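Participant: please work out how this folds:
(chains A, B, C and D, ligands or ions: 4)
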Protein chains: 4
Amino acid sequence: MPIDQESIKGNHPEKTVISAALTGALTTRDQCEAIPYTPEEIAEDAAAAREKGAAIAHIHARTENGSPTFDTDVYQRISDEVRDRTDILINFSTGALHEPVETRLEYIREVQPDIAALNMGSMNYAKYSESRDDFVFDMVFENPFNEIREFLTTMRENGVKPELECFDTGHVGNIRPFVQNGELEAPIDFSLVMGVLGGIPPTVENLAHQVRQLPDDATWQVIGISRDQWQLVSAALAMGGNVRVGLEDNFYLPNGEMSTNPELVAKAAEMSRNVGREPATPDEAAEMMGIER
Amino acid sequence: MPIDQESIKGNHPEKTVISAALTGALTTRDQCEAIPYTPEEIAEDAAAAREKGAAIAHIHARTENGSPTFDTDVYQRISDEVRDRTDILINFSTGALHEPVETRLEYIREVQPDIAALNMGSMNYAKYSESRDDFVFDMVFENPFNEIREFLTTMRENGVKPELECFDTGHVGNIRPFVQNGELEAPIDFSLVMGVLGGIPPTVENLAHQVRQLPDDATWQVIGISRDQWQLVSAALAMGGNVRVGLEDNFYLPNGEMSTNPELVAKAAEMSRNVGREPATPDEAAEMMGIER
Amino acid sequence: MPIDQESIKGNHPEKTVISAALTGALTTRDQCEAIPYTPEEIAEDAAAAREKGAAIAHIHARTENGSPTFDTDVYQRISDEVRDRTDILINFSTGALHEPVETRLEYIREVQPDIAALNMGSMNYAKYSESRDDFVFDMVFENPFNEIREFLTTMRENGVKPELECFDTGHVGNIRPFVQNGELEAPIDFSLVMGVLGGIPPTVENLAHQVRQLPDDATWQVIGISRDQWQLVSAALAMGGNVRVGLEDNFYLPNGEMSTNPELVAKAAEMSRNVGREPATPDEAAEMMGIER
Amino acid sequence: MPIDQESIKGNHPEKTVISAALTGALTTRDQCEAIPYTPEEIAEDAAAAREKGAAIAHIHARTENGSPTFDTDVYQRISDEVRDRTDILINFSTGALHEPVETRLEYIREVQPDIAALNMGSMNYAKYSESRDDFVFDMVFENPFNEIREFLTTMRENGVKPELECFDTGHVGNIRPFVQNGELEAPIDFSLVMGVLGGIPPTVENLAHQVRQLPDDATWQVIGISRDQWQLVSAALAMGGNVRVGLEDNFYLPNGEMSTNPELVAKAAEMSRNVGREPATPDEAAEMMGIER
Ligand SMILES: [Zn+2]
Ligand SMILES: [Zn+2]
Ligand SMILES: [Zn+2]
Ligand SMILES: [Zn+2]
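Facilitator: Ligands and ions are numbered 1, 2, ... in the order given. So this is what the prediction gives:
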């Protein structure tokens, strides 16, 4: 029996949906050799992650040399290559710091992934270096309500499930207008992101607080940024939550070794089994999240 | 004996610091006749609020016809007029949606109020109308770390106490770099703002959560926007918190009557006495908050 | 609009059910002259409390000289005298430290009050004197599951609504077997008791925690023991909770003056209006709590 | 860096103190063959558990045929046998449902283990069978303040560190008189016990709540009863907490296989490493907990 009926919300008490965030947009092979760039590389990692227990592949497109791209063709090739290899659910990023909304809507509309991420509010997005007493970067991550609404509309019209990325308590609260007007309907899927300076601090206390804010029938996962990820994964698994791992969020295994996408997924699957929960298959994940395939 | 030792933090268990937010910048006399505009009107309200129990007057400057102004002369005249009439602590706003930082630093530097407000993070700042299914306004309230740092530096150099306005959990967490590098020292003063769409939803649960995030020796008040204010005031008083009321935040008494600054302060003082706490004098507030007069 | 949708549970957001705990069993007129002893005195106080805003009178029977009694005749006379005077809902205590269950069941069965209190768990029940470094009293308050079950059965068979008194987190959790087997059905009514050494410490944080444990459709009130009561009342009102006051729990107004039952109820009603909530009538309370009259 | 500075309290962020609860008093070899009975068997398991990562052995004495015993000679032999084999810290139970205090004080006084458990309050101690709709057992676990005080005094006089077992929120609050009078001094060690019907329900939310109640410099572990244990272990490790496992609390590995004390400790150690924390040695544990050896 699961211990935390309240926290489970709409998740499955005995199954964990593991997402693999394969690429991201901010890091390069100089930092971690195993980051996949091309559609083929991404698809290979997606298939390998699926073997290790992932049900969802969260993907940012890259050019051949690793720069971020929002090109519809690249996203289409990624989708095709992944679908050639595996039944994993495909989740595309829509976030960017300086890219117009229209650019980020087009590939959603054209390629129609199973799921697309949607940032639910604005915040500072920064990193502070104590040794240099300076901000390594310091940006305002802008996601006003009218943009959120455009994404929701496009996703709904194209049968794409929104994954609501919430970096703070207010971001969860920002669903209220869209619940009132019916643009968001149960089960709503949430990602509780922790570990970015500017957002909610990454503590178990805060994770439990975020989960309390969710509607009763929501599904949710934790996204922990940096090596603290494993502690958040451990807590989320105990609470009946789903989890995301992968090179976008953190390069390292708990023991400090730099790793690969399949290995990181394997570790998450092991930790899930340690609380008595098996990794969900893509079909099981789709059913929990209300995704028609 | 106070009931909530944990929540009291650095506040006084038997005294409540009441702030009167006299003017604000967003509303006009068309909406509420009693809003003071001129330095004399503001000073009169400050003195009357002091009589009713306020220890701090939080002030935005206005022109004669009520538009917001960041003019140093106007701020100077407000300061002079208030100091002619009463010993209330003077707190100047520094927030604005589209005004450069330098403009908002100048009057702090020149007029040197006892306290100045400082917004601790970015967020959506919006209002949704369910009947029209539309956003009445929808802005990104930008307060990146480098601007926060500039304000902190100017305030420290000019002997102005910063009042950290936190609209979300992450905003409280944003003190971390400044605590690490010593730019913020105990006792740190926090305003926990609730009731703006884009920030943390206004519940007692969330207020308790915000208080848990504060350092042990912090002082804190709640700022409730709109008529829900009275419920947040009631909860904060029970927790040993300080409170802010006034026409900037809410025009109405609990019974729904449109009111005035002194009446709103009188109601807060009455509610404070109902939990066994007397309003603090400006001198008592200064001592709690570490302000040298 | 109420601020705390989550905390309201099954309560009414704009109405507060005020209970008046008129007598209790542990204190005497030597300590507080206004405590009613006889059925007539109790009924007079019940009627006066109703005038000031109480919807429920919580009653322990006393002999002429003030000792506790469990005599069915006395309880019957109290019921008759109260019903002669007012429509207030009648709530009888069933708690006792050294009285057999059967004695406490008989007057419930015979007199059939609208509501009866039911202690949901065991705990230490103590008072510590710091000056003497000794326990003024130190008892084990025994309420094992089989006794709880007997009370539930008798109440159900006699159309008496149980009011579940919970002194700790586990006491709320103790409803689980009775929810599973159907002996407790929605809406379940909870009293969250705070302020007894041995039970949950009286903080707003802990009150919020207790409310989070309740089923969604529960009704609830706070019972604060001793003068801290007013702070708990203030917090509960802000959360949409119901409240209990009266000489059983606390003799004093917030300003420290010894008081009377009607005055204490009047203060609670004033505080309720200060958060925009009117006292509920007995009929309104009965409807909220699922009591057929 | 640990994620949860608040929750860590006095624990070590990079080391986990693992306790092995080797025997207990309520179960037998009919239920689980690997339960050690004799001093030699217990000492063998203690040494094996130490090899796998345990720093503390929590022990109840048993007779040759497995019945509980409070005999001082048996406790002395256990202590001698354990100390012959390993440097693990020795922790003796003092709890019992129907045994006089004096019996439970004697072996503490005579054998002087490093640590002794101390139950911090009274509660119902029950088990409910849904299929039979009946209570398998239903007792009042009595631990009044005067008994707690006797244990504290004896332990202090004999250099035995008390481990405060808290089954509910109020049990943590019950330290207040002893903190006020100086009978308990920092660092205080807490066991947060979850999973017994009558005590706090076993959820991560409730674990976080219990941790919030602790003094700043406290050390703490979670004790999860039954197979839900692994979820509580997973959460506690993420919060920087210490953990207890062993056949007293749960026979099974997360995959459902019946296990042994050393295997259960090995699983806890593996899970600890998965959040980046190494098992503490007995010496490291003693230093954290303020135990002089
Ligand atoms: Zn991404
Ligand atoms: Zn302002
Ligand atoms: Zn009573
Ligand atoms: Zn034990």
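
Participant: roughly how far does the spatially closest residue to A:Tyr37 that is not a sequence neighbour sit from A:Leu22?
Facilitator: Among residues not flanking A:Tyr37 along the chain, A:Arg62 sits closest, at 4.5 Å (C-beta to C-beta, 6 or more residues apart in numbering or on different chains). In this view, the C-beta of every residue, glycine as well, is placed from N, C-alpha and C. Applying C-beta to C-beta, to the nearest Å, the value for A:Arg62 to A:Leu22 is 10 Å.

Participant: shared neighbours, these two?
Facilitator: By C-beta atoms under 8 Å, 6 or more residues apart in numbering or on different chains, A:Arg62 and A:Leu22 have these common neighbours: A:Pro36, A:Ile42.

Participant: picking that back up, how close does the residue nearest to A:Tyr37 sit to D:Arg277?
Facilitator: 35 Å.

Participant: next, the buried residues of stretch A:62-71.
Facilitator: Of the residues in stretch A:62-71, A:Arg62, A:Gly66, A:Pro68, A:Thr69, A:Phe70 count as buried by neighbour count, 16 or more other C-beta atoms under 10 Å in any protein chain shown.

Participant: mind putting those into a markdown table with pLDDT?
Facilitator: Shown next, in a markdown table, are the buried residues of stretch A:62-71 (pLDDT from 0 to 100):
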| residue | pLDDT |
| --- | --- |
| A:Arg62 | 96 |
| A:Gly66 | 95 |
| A:Pro68 | 95 |
| A:Thr69 | 96 |
| A:Phe70 | 96 |
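
Participant: these: which two are farthest apart?
Facilitator: Pairwise distances among the buried residues of stretch A:62-71 were taken by C-beta to C-beta; the largest, 14.6 Å, belongs to A:Gly66 and A:Phe70.

Participant: who does the helix or strand where A:Val265 lies touch, helix- and strand-wise?
Facilitator: Element membership for A:Val265, per DSSP states H and E: helix A:261-273. Packing partners of helix A:261-273 (3 or more C-beta pairs under 8 Å, 6 or more residues apart in numbering or on different chains; DSSP states H and E): strand A:15-16, strand A:18-21, helix A:39-52, helix A:229-238, strand A:242-245, strand A:278-279.

Participant: for it, what is the distance to the chain centroid?
Facilitator: Offset of helix A:261-273 from its chain centre (C-alpha atoms, centre = their mean, to the nearest Å): 16 Å.

Participant: so it versus helix D:229-238, what angle?
Facilitator: Using axes from the mean of the first three to the mean of the last three C-alpha atoms, to 10 degrees, the inter-axis angle of helix A:261-273 relative to helix D:229-238 is 120 degrees.

Participant: in helix A:261-273, what counts as buried?
Facilitator: Buried residues in helix A:261-273 (16+ other C-beta under 10 Å): A:Asn261, A:Pro262, A:Glu263, A:Leu264, A:Val265, A:Ala266, A:Lys267, A:Ala268, A:Ala269, A:Met271, A:Ser272, A:Arg273.

Participant: can you tell me the closest non-neighbouring residue to the second one?
Facilitator: Residue nearest to A:Pro262 in three dimensions, not counting chain neighbours: A:Ala48, with 4.0 Å by C-beta to C-beta, 6+ apart.

Participant: hmm, that neighbour is touching A:Ala266, no?
Facilitator: No - A:Ala48 sits out of contact with A:Ala266 when judged by C-beta atoms under 8 Å, with a separation of 9.6 Å.

Participant: so where do the strands sit in the stretch 151-293 of chain A?
Facilitator: For the stretch 151-293 of chain A, the strands defined by DSSP state E, counting those that start in this stretch cover A:161-166, A:189-194, A:219-224, A:242-245, A:278-279.

Participant: what sits up against stretch A:27-42?
Facilitator: For stretch A:27-42, the external contacting residues (C-beta under 8 Å, 6+ apart) are A:22-24, A:44-45, A:57, A:59, A:62-66, A:74, A:77-78, A:80-82, A:247-248, A:251, A:258-261.

Participant: at 7 Å instead, please
Facilitator: Under the contact criterion C-beta atoms under 7 Å, 6 or more residues apart in numbering or on different chains, stretch A:27-42 has outside partners A:22-23, A:44-45, A:59, A:62, A:64, A:66, A:74, A:77-78, A:81, A:247, A:251, A:258, A:260-261.

Participant: can you say which of those residues are buried?
Facilitator: Buried, going by 16+ other C-beta under 10 Å: A:22-23, A:44-45, A:59, A:62, A:66, A:74, A:77-78, A:81, A:247, A:251, A:260-261, out of the contacts of stretch A:27-42.

Participant: what about the residue nearest to A:Phe151 when sequence neighbours are not counted, neighbour count?
Facilitator: In space, and not counting its chain neighbours, A:Phe151 is closest to A:Leu118: 5.0 Å by C-beta to C-beta, 6+ apart. A:Leu118 has 25 neighbouring residues, counting by other C-beta atoms under 10 Å in any protein chain shown.
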